[in-house]
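Participant: predicted model and sequence follow; I will ask about them next.
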Amino acid sequence: MAPPLQFPCPISPDDSGVVLLGHGGGGLLSQRLLEQLILPALGSAGGVLLDAATLPAEAGELAFSTDGHVVRPLEFPGGDIGSLAVIGTVNDLAMVGATPLALSLGLILEEGLPLDTLSRVLRSAAAAAGRCGVSIVTGDTKVVERGKADGLFMTTAGMGRIPPGVAIGPAAIRPGDAILVSGDLGRHGVAILAAREELGFSTSLESDLAPLHGSVQALLAAGLEIHALRDLTRGGLASALHELCRDAGLGALVQEPLVPVHGSVAAACDLLGLDSLTMASEGRFVLMLPAAQAQEALKLLSREQPSAALIGRIGGEAVLLETSLGVLRPLELGRGELLPRIC
Amino acid sequence: MSASDTHSSCASERVHHLLDALHAEISRSWTLMEVCGGQTHAIMRHGLDQLIPPQLELIHGPGCPVCVTAAETIDRALQLAALQDVILCSYGDMLRVPGTGPAHLLQARAAGADVRLVTAPLDALTLARAHPERQVVFFAVGFETTAPATALLAHQAWSSGTQNLSLLVAHVRVPPAMEAILAAPGCRVQGFLAAGHVCAVMGREEYEPIAAGQRLPIVITGFEPVDLLEGMLRAVRQLERGEGRVEDAYPRARAGEGNAAARALIERVFCCSNRRWRGLGVLPASGLSLRPPYDALDAERRFPPAARPVPAGNGNSDQGCISGQVLQGLARPDACPRFGRGCSPERPLGAPMVSAEGACAAYWRYRQRA
């Protein structure tokens, strides 16, 4: 008797250990990926992951932010795309004084991505969400053909609650305001550059990736009158100051010797012809507030990061740097070419 | 916290000590040229030009290899990059400099050419080994500082019998440019701050006849504020005393003696040849070209030029850009009618605005603009 005809499923069972196009097809493979990998990896940080989550409505103001993440490599010293995607959005919310309420997580996966990698970065995203006290409440997964994405892209959006009476933004900046940074600059940028290996240098530095809402809440809880905040991601301190000053219609004077830069970051920048003031951090922010409150703010920031520093003041019309020799020069924006895909 | 913090306070003291000495010892106007673009940038970055005595004028030399690479050579690189199967690689700044037309290598890449950024010449050999089916062309630029690394690439490629690697060589030598600047009508240079890193390879020997022949100080100078001020002070002292000799103000780099092994490698792989410089024209014996048997790696030989003639001109003379005069030290960047008026690092008209070491880019970065 002839053996019964076999019609094996053309989509191979998901034991190949990599992402297949079928994982994004909305069928059985999609369901398995969600149930067997994504949800377990997210653990308690994820919930049921409905297409649309419902959140309790409250009085007062909400903050809403979204951020796409395309970092290369996916995993780097001090973090990975998962923790970066969660913390990046939490930090964007924190920069208007918000505490995070809920996040969404969108995945664009490249065919062939090892499922192990996916699982690792999702677990890391979950751990970061736990650290930030926020849940991932909705999500989406798509798969694109090999070569159409670099392993994995992640998009997070987040909502946060702004405490009553808080209005942080460039419009609040006043001449004479003190400018502080919450820690030393540029570790993330240098760690990513080193992790890429093509520049042929290595470092023991790790990314400074860290949630910032705790520090901001501590400043607010102390009753400090925060005028403006900006996280020092792409473009670093130079971009943040230029953007805030432009929007405020004011200038700034930064004392170059007071700007905290770790020796390894300074050395790497020297070697590569980069400016540490334009290097990205993922766990640092610049803060503007009345000069009379600068020392108290510095004391609070230093508890989190001993390298936090008072670096200058708002005033004049241009964004200037005073060098160690007492000479003024413009604080230049980075050209943004050498360092694509850092977040 | 900063790397320099540990020694910054004593460096700052030394800077002020040197500045005091310069102010005390200068008795009349002198004009010095710092040869290297890296020195120009350090001077502008630290604002040294605002701290030195007003009688001391600094004019900026042609020592930026990206700036002086002839537009025609960049056209040639663009032609090679456009060839099927070719991977053209070079240093980052080189990829953004236009040739005789507006096109540069990054635009060629956006249009589909395989153009890659490398940070060291030997990366080209790695590329060639990783892509045996492709032809890798390394666009080699630089002064005597980078020539040893290019020579090492040529030597390794030749001795390993690598068939799919060739070099488009645009290396240039500093001494012929100094002589050309001194010979140019209207030259105001009374002394040179020679580039310390070039001397760390080549030593002081090549500069002796120039200093002796013209009776002018040539002071081998480093790149930190203290180095630059030390170089200026020594050059001014010589001028004040009517002396003109080579002096080493950069002894920690052993710049006086140079690096014999690196020189031997250059001599083994290269010979001197006439070369066209952007802004300066063709200077005799100012270039380095591959000598036999390494000339088998010459991209010009491997890919004979297309019949299409390369357009002449420097590609920016009709737009009011005076980069040629800037490169000869005859004009300061901010004297250019286009500086900040249609010419910026984002939209450069001339090479000195493109390169990180270019004098125009230094003025753009470090000077307050109206």
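Facilitator: Sure thing, it's come through. Numbering: from 1, shown residues only, chains lettered A, B, ... in the order given.
Participant: ranges for the strands of the stretch 151-300 of chain B?
Facilitator: Along the stretch 151-300 of chain B, the segments classed as strands by DSSP state E, counting those that start in this stretch run B:165-171, B:191-195, B:218-221, B:246-248, B:270-277, B:281-290.
Participant: mind telling me what element the residue lying closest to A:Ala240 once chain neighbours are set aside is part of?
Facilitator: Nearest non-adjacent residue to A:Ala240, counting by Cβ to Cβ, 6 or more residues apart in numbering or on different chains: A:Arg230, 4.0 Å away. The way it works is simple: take the backbone N, C-alpha and C, and place the C-beta from them, glycine included. Using DSSP states H and E, A:Arg230 sits in strand A:228-231.
Participant: packing partners of the next helix or strand after that strand?
Facilitator: Later in the chain than strand A:228-231, the nearest helix or strand by DSSP H and E is helix A:236-248. Identification of packing neighbours for helix A:236-248 by 3 or more Cβ pairs under 8 Å, 6 or more residues apart in numbering or on different chains; DSSP states H and E yields strand A:228-231, strand A:252-255, strand A:285-289, strand A:319-322.
Participant: reformat those as TSV; add mean neighbour count.
Facilitator: Listed next are the helices and strands packed on helix A:236-248 as TSV, based on neighbours: other Cβ atoms under 10 Å in any protein chain shown:
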stretch	mean neighbour count
strand A:228-231	23
strand A:252-255	21
strand A:285-289	26
strand A:319-322	20
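Participant: now mean pLDDT too, for those strands, in JSON lines please.
Facilitator: Output for these, formatted as JSON lines (pLDDT from 0 to 100):
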{"stretch": "strand A:228-231", "mean pLDDT": "97"}
{"stretch": "strand A:252-255", "mean pLDDT": "97"}
{"stretch": "strand A:285-289", "mean pLDDT": "98"}
{"stretch": "strand A:319-322", "mean pLDDT": "94"}
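Participant: for chain A, which of the strands of the stretch 151-300 of chain B is the nearest?
Facilitator: Closest to chain A of the strands of the stretch 151-300 of chain B, according to Cβ to the nearest Cβ: strand B:191-195, at 16.3 Å.
Participant: where's that closest one relative to the chain centroid, distance-wise?
Facilitator: Computed by Cα atoms, centre = their mean, to the nearest Å, the chain-centroid distance of strand B:191-195 equals 13 Å.
Participant: which residues sit against it?
Facilitator: Here strand B:191-195 makes contact (Cβ atoms under 8 Å, 6 or more residues apart in numbering or on different chains) with B:30-36, B:38-39, B:61, B:63, B:143, B:145, B:174, B:178, B:207, B:216-221, B:228, B:231-232, B:235, B:238-239, B:244, B:246.
Participant: sorry, back to before: so how far is the strand holding A:Arg230 from its chain's centroid?
Facilitator: Centroid displacement of strand A:228-231 relative to its chain, using Cα atoms, centre = their mean, is 13 Å.
Participant: quick revisit: a markdown table please, covering the helices and strands packed on helix A:236-248 and showing distance to A:Leu101.
Facilitator: Below are the helices and strands packed on helix A:236-248 laid out as a markdown table (distance: least, Cβ to Cβ, whole Å):
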| stretch | distance to A:Leu101 |
| --- | --- |
| strand A:228-231 | 19 |
| strand A:252-255 | 33 |
| strand A:285-289 | 20 |
| strand A:319-322 | 34 |
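Participant: please name whichever of those strands is nearest to A:Arg196.
Facilitator: strand A:228-231 (22.4 Å; Cβ to Cβ).
Participant: ok, now which ones touch residue 205?
Facilitator: With no chain named, the answer covers chain A. Counting by Cβ under 8 Å, 6+ apart, A:Leu205 has contacts A:Pro77, A:Arg187, A:Val190, A:Ala191, A:Ala194, A:His262, A:Ser264, A:Val265, A:Ala268.
Participant: let's do chain B instead
Facilitator: B:Glu205 neighbours (Cβ under 8 Å, 6+ apart): B:Gly258.
Participant: that one and chain A, how far apart?
Facilitator: Distance of B:Glu205 to chain A, computed by Cβ to the nearest Cβ, to the nearest Å: 29 Å.
Participant: hmm, A:Phe285 and the residue nearest to A:Ala240 touching each other?
Facilitator: Yes: counting by Cβ atoms under 8 Å, A:Arg230 touches A:Phe285, with 6.2 Å between them.
Participant: point to the residue nearest the middle of chain B.
Facilitator: Computing the C-alpha centroid of chain B and ranking residues by Cα atoms, centre = their mean puts B:Cys64 first, at 2.5 Å.
Participant: whichever residue of chain A sits closest to chain B: how many residues sit nearby?
Facilitator: Nearest residue of chain A to chain B, counting by Cβ to the nearest Cβ: A:Val327, 2.6 Å away. Neighbour count for A:Val327, taken as other Cβ atoms under 10 Å in any protein chain shown: 18.
Participant: the residue lying closest to B:Gly63 once chain neighbours are set aside: how many residues sit nearby?
Facilitator: Computed as Cβ to Cβ, 6+ apart, the closest residue to B:Gly63 that is not its neighbour in sequence is B:Cys36, at 3.7 Å. With neighbours defined by other Cβ under 10 Å, the count for B:Cys36 comes to 27.
Participant: and if you look at B:Glu243?
Facilitator: Neighbour tally, B:Glu243, other Cβ under 10 Å: 15.
Participant: chain B contacts on the stretch 201-343 of chain A?
Facilitator: When proximity is defined as Cβ under 8 Å from any Cβ of the partner chain, the stretch 201-343 of chain A approaches chain B at A:257, A:259-264, A:266-267, A:270, A:273, A:307, A:309, A:318, A:320, A:323-325, A:327-330, A:332, A:335, A:337-338.
Participant: which ones among those are found in helices?
Facilitator: Counting by DSSP state H, those place A:Gly263, A:Ser264, A:Ala266, A:Ala267, A:Asp270 in helices.
Participant: and the least confident of these?
Facilitator: Lowest in pLDDT among these is A:Asp270, which has 84.
Participant: tell me how far stretch A:176-185 lies from the chain's centre.
Facilitator: That offset, for stretch A:176-185, works out to 19 Å (Cα atoms, centre = their mean).
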